[in-house]
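Trainee: okay, predicted coordinates and the sequence, questions at the end:
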Amino acid sequence: MTNEAEKIEADEQGDNWRCMCGNRPWEQGFYSIDEGVQVVDPDEEHWRTNEYVCAQCGRVIEGTTHVVTRRVDLAATISRST
Ligand SMILES: [Zn+2]
């Protein structure tokens, strides 16, 4: 048992994510999320966390390091209505 942070797999370009639940970008996908449980547009105004939520398991992933920072209840996430 190590203390190493949970990290998802990505290719050398940082793309083609593979969550430990098996989710891929072209399957359930990943959504930009704020510091709470709200799914937001990935723009400077709404999105300041650089975090994505896995749409399959609710793990929240830091966009640059790919470290899993927390986990949210997917049923509680709020999609911004457009
Ligand atoms: Zn996942």
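Mentor: That came through fine. Computed from a predicted model, the values in this text were never measured in an experiment.
Trainee: briefly note if stretch 69-79 comes near the ion.
Mentor: No. Taking CB under 5 Å from the ion as the criterion, stretch 69-79 and the ion are apart, separated by no less than 9.1 Å. C-beta here means a position set from N, CA and C on the backbone, and glycine is covered the same way.
Trainee: centre of the chain to that stretch, how far?
Mentor: 10 Å (CA atoms, centre = their mean, to the nearest Å).
Trainee: cool, stretch 8-27 as well?
Mentor: The mean C-alpha position of stretch 8-27 is separated from the chain mean by 10 Å, CA atoms, centre = their mean.
Trainee: surely Tyr31 and Thr49 touch.
Mentor: No. Counting by CB atoms under 8 Å, Thr49 is not a contact partner of Tyr31; they are 11.8 Å apart.
Trainee: and Val37, how far is that from Thr77?
Mentor: In this view, Val37 and Thr77 are 5 Å apart by CB to CB, to the nearest Å.
Trainee: pLDDT score for Glu4?
Mentor: Note for Glu4: predicted pLDDT of 77.
Trainee: could you report the neighbour count for it?
Mentor: By other CB atoms under 10 Å, 7 other residues sit near Glu4.
Trainee: would you agree it falls within a strand?
Mentor: No. The assignment for Glu4, made by DSSP: H, G, I helix; E, B strand; the rest coil, is coil rather than a strand.
Trainee: tell me the residues of the protein that contact the ion?
Mentor: Along the chain, the residues adjacent to the ion under the rule CB under 5 Å from the ion are Cys19, Cys21, Asn23, Cys54, Gln56, Cys57, Arg59.
Trainee: buried subset of those residues as a PyMOL selection?
Mentor: If you want just the buried ones from the residues of the chain next to the ion in PyMOL, going by 16 or more other CB atoms under 10 Å, the selection is:
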select buried, resi 19+23+54+56+57+59
